[in-house]
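Asker: Generate a structure from the sequence data that follows.
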Amino acid sequence: MTGLIHMPDFFLFVAVIIVIASFVSLYRAIEGPGIFNRIIAVNVIGTKTIVLLVLIGFIYERPDFFDIALVYAILNFIMTIAATRY
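Answerer: So this is what the prediction gives:
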C-alpha cells in the first residue's frame with residue numbers, strides 16, 4: 001500500500017504546522033498595534049495549544065490529554081474574558 005500516509009505521521013506533521021503558526025501569533029502578541037490585538041493573539045496561541053494537546057493525546061493514545069485540553073480551554077476562556085474586562 002504505497003502512497004498512503006501513516007496517520008500518526010500525518011498528525012505529527014499537522015502538530016509541527018500548528019507550532020509554526022503559533023510563532024506567527026506570538027509575533028503578533030509581542031509587536032501588536034494595540035492591546036486588544038495582543039489579547040486576541042494570546043487567545044489564538046491558547047487555542048492552538050488546546051489543539052496540540054488533543055493531537056498529542058490522539059497520537060500517543062492517551063485520553064488523559066483530552067481532559068487536560070478541556071480544562072485548559074476553560075482557563076483560556078476565563079483569562080480572555082478577564083483580560084478584556086480590565
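
Asker: This protein: helices as residue ranges?
Answerer: Counting by DSSP state H, the chain forms helices over residues 7-31, 35-59, 64-85, given from the N-terminal end onward.

Asker: Mind giving me the packing neighbours of the first one?
Answerer: What that stands for is helix 7-31. Packing partners of helix 7-31 (3 or more CB pairs under 8 Å, 6 or more residues apart in numbering; DSSP states H and E): helix 35-59. Quick note: C-beta positions are derived from backbone N, CA and C, even for glycine.

Asker: so what's the closest residue to residue 83 other than its chain neighbours up against?
Answerer: The shortest distance from residue 83 to any residue other than its chain neighbours is 5.0 Å, reached at residue 39 (CB to CB, 6 or more residues apart in numbering). When contacts are counted by CB atoms under 8 Å, 6 or more residues apart in numbering, residue 39 is found next to 80, 83-84.

Asker: Name the nearest of the residues you listed relative to residue 30.
Answerer: Within the set of the contacts of residue 39, residue 83 lies nearest residue 30; the separation is 15.6 Å, counting by CB to CB.

Asker: Can you read off the pLDDT for that closest one?
Answerer: Residue 83 carries a pLDDT score of 86 in this model.

Asker: how close does it get to residue 67?
Answerer: Going from residue 83 to residue 67 by CB to CB, to the nearest Å gives 25 Å.

Asker: Compare these two (neighbour count), which wins?
Answerer: A count of neighbours by other CB atoms under 10 Å puts residue 83 above the other of residue 83 and residue 67, at 15 against 12.

Asker: could you check the distance from the more buried one over to residue 69?
Answerer: Distance of residue 83 to residue 69, given as CB to CB: 21 Å.
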